[in-house]
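**Q** Structure for the following, please:
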Amino acid sequence: MQAIAVLMTCHNRLEKTLACLDRLFKSDPILDVAFEVFLVDDGSTDDTASIVEATYPAVNLLAGDGSLYWNGGMRVAFAAAMQKGFDFYLLLNDDTMLYSSALPRLLSSANAEQLSQHKSVIIVGTTHEVLGGMPTYGGLCRKSVWRPLHHVIVFSQVVPTPCETANGNCVLVPSEAAMQLGNLDPVFVHAMGDIDYGLRATKAGFPLMVLPGYVGTCSHNSIGNTFMDTRLSLGVRWTKIMGLKGLPPRQWHVLVRRHAGFFWPLMFIWPYLKVILGRRQ
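**A** Below is the predicted model of the structure:
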């Protein structure tokens, strides 16, 4: 029997959270495999916790106070699951709507890749827009050696594809990798923790492979009203890039110094300089 821990965090997105759980629990059955959900409700005020508890009593509900954000919430879920111990840990965004075949395909690919590569392999699922079908989140590779943190999605409908890191929307991490890499880094509050985790995995010798085809849908976050929105004033954009949902300098500094190589100081200042110059990222 193989056991999978599904790690999720949410905040005031009741409809999406319930829809995500509904899709998950309607996954095609897998022989001798069981999954358990660890969901962090980060201070939701829309009755998420009580409704999830009533609808899905098997879900392990963990409470946050509203200050965890994505990376913090996923860390709490990951830590609780690792205390219990599982064969695999699935990072799953609550706005990702899985196809019924996603979980069996992810697990089958993980087992097959381990046999062929003789090591634990992290499997990345790709999502697409509900309308239009374009890839939105998944496995990532650097676009250029000169821009080591400028990543693009890599994807194939046919064959597994290696990647360097991944968005944390749908990522299956084997226990061996989880035990060696540990949890998501606490220095990151909201974003960047998933990118850092994938890059650390690559450096540690754990391959990342993108599952062929799509695992489900997830709409791409709009750049509207973010620091990348050039319609906003310089002051507003600056405030946003410095905020927790932008590129907080301390967190961005850790990421670029850790993963951007010799020219990391230039990589560090470049996004802030582009905001000052009024350019898009």
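**Q** Can you name the residues that contact residue 199?
**A** Residue 199 is in contact with 164, 165, 258, 259, counting by C-beta atoms under 8 Å, 6 or more residues apart in numbering. C-beta: built from backbone N, CA, C; applies to glycine.
**Q** what do you get for residue 51?
**A** Residue 51 makes contacts with 14, 18, as judged by C-beta under 8 Å, 6+ apart.
**Q** tell me which element it is part of?
**A** Element membership of residue 51 [criterion: DSSP states H and E] is helix 48-55.
**Q** what does residue 94 give?
**A** Using DSSP H and E, residue 94 falls outside every helix and strand.
**Q** And for residue 35?
**A** strand 33-42.
**Q** List the strands paired with that strand, with their directions.
**A** strand 2-10 (parallel), strand 60-64 (parallel) (DSSP bridges).
**Q** just the buried members of the contacts of residue 199?
**A** 164, 165, 259 (16 or more other C-beta atoms under 10 Å).
**Q** what residues are up against the first one?
**A** In this structure, residue 164 makes contact with 140, 141, 142, 151, 198, 199, 202, 208, judged by C-beta under 8 Å, 6+ apart.
**Q** same thing with residue 106?
**A** Here residue 106 is in contact with 90, 123, 125, 170, 172, 211, 215 (criterion: C-beta under 8 Å, 6+ apart).
**Q** That one and residue 72, how far apart?
**A** Shown here: residue 106 relative to residue 72, a distance of 25 Å by C-beta to C-beta, to the nearest Å.
**Q** Show me where the stretch 151-281 of the chain dips below the pLDDT cut-off.
**A** 279-281 (pLDDT under 70).
**Q** tell me which residues of the helix or strand that contains residue 196 are tucked away?
**A** Of the helices and strands defined by DSSP H and E, residue 196 is found in helix 193-203. Within helix 193-203, the residues scored as buried using 16+ other C-beta under 10 Å are 193, 194, 195, 196, 197, 198, 199, 200, 201, 202.
**Q** got the residue ranges for the helices in this protein?
**A** 14-25, 48-55, 69-84, 102-117, 175-181, 193-203, 234-242, 249-259, 264-276 (DSSP state H).
**Q** Name the residues of the fourth one that are buried.
**A** Think helix 102-117. In helix 102-117, counting by 16+ other C-beta under 10 Å, buried: 102, 103, 105, 106, 107, 109, 110, 111, 113.
**Q** Take those residues and write them to JSON lines, including pLDDT and distance to residue 32.
**A** Shown next, in JSON lines, are the buried residues of helix 102-117 (pLDDT from 0 to 100; distance: C-beta to C-beta, whole Å):
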{"residue": "102", "pLDDT": "99", "distance to residue 32": "18"}
{"residue": "103", "pLDDT": "98", "distance to residue 32": "14"}
{"residue": "105", "pLDDT": "98", "distance to residue 32": "16"}
{"residue": "106", "pLDDT": "99", "distance to residue 32": "16"}
{"residue": "107", "pLDDT": "98", "distance to residue 32": "11"}
{"residue": "109", "pLDDT": "98", "distance to residue 32": "17"}
{"residue": "110", "pLDDT": "98", "distance to residue 32": "14"}
{"residue": "111", "pLDDT": "97", "distance to residue 32": "11"}
{"residue": "113", "pLDDT": "97", "distance to residue 32": "19"}
